[in-house]
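could you look at this predicted model? Sequence included:
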Amino acid sequence: MTISRLAIQAVRNISELSIHPSSGFNFIYGKNGAGKSSVLEAIHMLGSGRSFRTHRHKQLIQYEQQDFTIFAELQRRDVHYRVGMKRTRSGEPEIRINGESTQRLAELVGLLPIQILTPDSPVLLTSGSKVRRQFLDWGLFYRQELFYPAWRRYARSLKQRNAMVRQQLPYSQVAPWEHDFVENGRLITQMRTEFVAQLQAALVTFTDQFLPGSAVELSYQSGWSATAQGDDYLSQLQDGYNRDLKTGHTQLGPHRGGFKLKVDGVAAEETCSRGQLKLLVAALLLAQGSLLSESQGTSCIYLIDDFAAELDEARRALLIECLIAIKSQVFITATDELFVEQVRPQLAAANRPFKLFHVERGQLVT
Ligand SMILES: Nc1ncnc2c1ncn2[C@@H]1O[C@H](COP(=O)(O)OP(=O)(O)OP(=O)(O)O)[C@@H](O)[C@H]1O
């Protein structure tokens with residue numbers, strides 16, 4: 001999938017901007033505060049319904065404007081799509097795909113797989129399990145069509161169960177409702193476990209280059225007991241019910257799942273430098289992209305904000321090499337053109353197309 005045209009209106013300091021990106025690399029450069037990250041933020045919003053900088057979408061709406069609009073033309077092999085999103089401060093997003101309105105954000109997300117690397121990306125490895133769970137579920141959403149329906153059913157039964165817990169009902173009244181919760185929870189656990197094994201295989205092809213000589217090991221943490229097998233889930237829920245009553249919500253289940261990444265047997269966040277953590281995250285994103293290519297015949301679009309941060313010259317060249325190899329469309333921000341001069345020979349040697357966009361005060365400078 002590639003973006004062949006991008007039009008942004010009233011996103012942060014960008015009043016109006018329209019570009020025809022390259023299907024290869026796109027370098028967006030300009031001074032601090034020019035609006036470079038806002039371009040990536042607009043693409044990310046279109047591909048996920050979320051910003052990577054804030055939970056409040058209204059922060060993106062340009063001061064004194066009522067809404068923002070992001071529009072893109074997409075090319076997937078021979079098929080062309082026109083997709084758009086408009087958001088006011090309070091309402092739900094208005095989404096259009098090929099001229100038709102839809103309420104379903106998942107349709108848009110399905111068309112536009114995006115992965116982002118920023119200086120904050122190491123939080124994937126250093127913060128709680130929520131972001132890691134979301135990372136796995138992103139990959140499964142595209143790779144396994146049974147995943148999203150199972151996840152929705154599970155979320156619904158979790159909500160019902162939590163409502164019963166809050167009412168302090170005895171377990172005998174909750175037990176008859178456990179069936180859907182356990183069935184979908186088990187399905188999600190199984191799919192995530194398989195996915196982590198596939199991700200591990202794809203991951204080492206990149207970590208062997210980024211951290212040569214280190215053994216990198218990814219494992220799934222299910223959110224149930226680590227030893228749980230099959231029917232055991234039900235008895236764990238029963239045994240843990242008193243704890244649920246005390247805390248007011250369900251403690252066990254895949255809604256508490258995540259993954260652990262170890263380097264030479266030690267948790268990555270405890271042993272790696274910030275630059276190494278960033279490289280590990282980059283390897284995870286590249287692994288997601290290669291699995292996506294394998295299952296969908298198309299890779300994701302990579303957004304890389306402030307590419308140079310934390311990485312030395314050799315690692316930057318290595319990352320560019322991997323992005324070239326995976327044949328994805330890439331959007332990279334940098335504060336000056338110099339960086340492009342450094343990578344130009346690599347792109348030329350691989351015959352990879354690229355374009356430069358100079359942004360100042362929210363506008364393209366030609
Ligand atoms: N809602 C808004 N409306 C108008 N301008 C905004 C809004 N929110 C932020 N800005 C401004 O938009 C500008 C663009 O910020 P952005 O983060 O995109 O810049 P950048 O080019 O990535 O900078 P840096 O290199 O420092 O990361 C900033 O000057 C910011 O003050």
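Sure thing, it's come through.

what does the stretch 251-366 of the chain have sitting close to the ligand?
Applying CB under 6 Å from any ligand atom, we find that the stretch 251-366 of the chain lies next to the ligand at 333, 335. Quick note: C-beta positions are derived from backbone N, CA and C, even for glycine.

how about the strands in the stretch 251-366 of the chain?
All strands of the stretch 251-366 of the chain, identified by DSSP state E, counting those that start in this stretch, fall at 258-263, 266-267, 301-304, 330-334, 354-360, 363-365.

quick one: strands adjacent to the second one?
Meaning strand 266-267. Its sheet considered, strand 266-267 pairs with strand 258-263 (antiparallel) by DSSP bridges.

ditto for the third one
Each strand that strand 301-304 pairs with, and the sense of that pairing, follows from DSSP bridges: strand 114-117 (parallel), strand 330-334 (parallel).

same question, the fifth one
Sheet neighbours of strand 354-360, with direction, are listed as strand 25-29 (parallel), strand 363-365 (antiparallel) (DSSP bridges).

residues contacting that strand, please?
17, 19, 21-22, 24-31, 34-36, 39, 337, 340, 344, 347, 364-366 (CB atoms under 8 Å, 6 or more residues apart in numbering).

just the mean pLDDT for it, thanks.
What strand 354-360 shows for mean pLDDT is 96.

try the first one
When pLDDT is averaged over strand 258-263, the result is 96.

same check, this time on the last one
Predicted confidence along strand 363-365 averages 94 (mean pLDDT).

go on, the fourth one?
The average of the pLDDT scores along strand 330-334 is 96.

state the pLDDT value of the closest residue to residue 115 other than its chain neighbours.
Excluding its sequence neighbours, the residue lying closest to residue 115 (CB to CB, 6 or more residues apart in numbering) is residue 285, at 4.4 Å. pLDDT, residue 285: 97.

can you list the buried residues in stretch 38-46?
For stretch 38-46, burial by neighbour count (16 or more other CB atoms under 10 Å) applies to 38, 39, 40, 41, 42, 43, 44, 45, 46.

sorry, slip of the keys, the one I care about is stretch 44-56.
Going by neighbour count (16+ other CB under 10 Å), the buried part of stretch 44-56 is 44, 45, 46, 47, 48, 49, 51, 52, 53.
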